[in-house]
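In: Okay, here's the prediction I keep looking at, along with the sequence it came from:
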Amino acid sequence: MQAMLFSIREARGADGPAIAEVHIAAKKEGLPYLPDLHTDDETRAWVQDVVLASCDVHVAEVDGRLVGFAALSAGLLEHLYVLPAFQGIGIGGSLLDVAQRARPSGLRLWVFQRNTQAREFYEHRGMRVVELTDGSGNQEREPDALYEWTPSPELAAPSRTRAAP
């Protein structure tokens, strides 16, 4: 894919419908093995009423079109989705960078075990698996993996300078 310029910004309430469309498309195209538990209209309402109301959300745009988003709550990256046609050009990595800067002491996230593309993406960026489940704890009943990112000690520790002798 040719280089594309994109921007990242904080989400606004009016972004709800576009965020929902990214979520719906990314799951349908990228995770076809997941059961359809909610209608598209239920997903749209959930994004507007729950995700935007309870998470710190950042969006990625290309030419004014919303193409990805990341949603954080406390120390958990709840969601990071990029439209499949816009994957592989740095948008997901930039959204993850925003999440890591917003949670400098570290963060966790869940990924379905079969989502090997996402798992490779997170592992390539220094996240590590801390738990594997059989899926009984999620509504999809799909085995998942809990990933954790902790900053390196030199990033977490305040810088120290030596006093001149």
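Out: On my side now, so go ahead.
In: what residues does the longest strand seen in the chain touch?
Out: Once the chain is assigned using DSSP state E, the strand that runs over the most residues is strand 65-73. Around strand 65-73, the neighbours that count as contacts under CB atoms under 8 Å, 6 or more residues apart in numbering are 6, 11, 15, 18-19, 21-23, 51, 54-61, 77-83, 85-86, 91-92, 95-96, 98-99, 102-103, 107. The way it works is simple: take the backbone N, C-alpha and C, and place the C-beta from them, glycine included.
In: Mind checking which of those residues land in helices?
Out: In helices, defined here by DSSP state H, the members of these are 18-19, 21-23, 54, 91-92, 95-96, 98-99, 102.
In: Now list the buried members of those.
Out: Burial by neighbour count, 16 or more other CB atoms under 10 Å: within these this picks out 18, 19, 21, 22, 23, 91, 92, 95, 96, 98, 99.
In: Surely the last one and residue 77 touch.
Out: Spelled out, it's residue 99. Yes: with contact defined as CB atoms under 8 Å, residue 99 reaches residue 77; the gap is 5.2 Å.
In: okay, and the common contacts of the two?
Out: Taking CB under 8 Å, 6+ apart as the contact definition, residue 99 and residue 77 share the neighbouring residues 70, 107.
In: Pull out the buried positions in the longest strand of the chain.
Out: Buried residues in strand 65-73, counting neighbours by 16+ other CB under 10 Å, are found at 66, 67, 68, 69, 70, 71, 72.
In: With distance to residue 145 and pLDDT as extra columns, can I get the residues you listed in JSON lines?
Out: Converted to JSON lines, the buried residues of strand 65-73 look like this (distance: CB to CB, whole Å; pLDDT from 0 to 100):
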{"residue": "66", "distance to residue 145": "28", "pLDDT": "98"}
{"residue": "67", "distance to residue 145": "25", "pLDDT": "98"}
{"residue": "68", "distance to residue 145": "21", "pLDDT": "98"}
{"residue": "69", "distance to residue 145": "21", "pLDDT": "98"}
{"residue": "70", "distance to residue 145": "18", "pLDDT": "98"}
{"residue": "71", "distance to residue 145": "19", "pLDDT": "98"}
{"residue": "72", "distance to residue 145": "19", "pLDDT": "98"}
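In: could these be laid out in CSV, adding distance to residue 113?
Out: CSV is the format used below for the buried residues of strand 65-73 (distance: CB to CB, whole Å):
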residue, distance to residue 113
66, 28
67, 26
68, 23
69, 23
70, 21
71, 21
72, 22
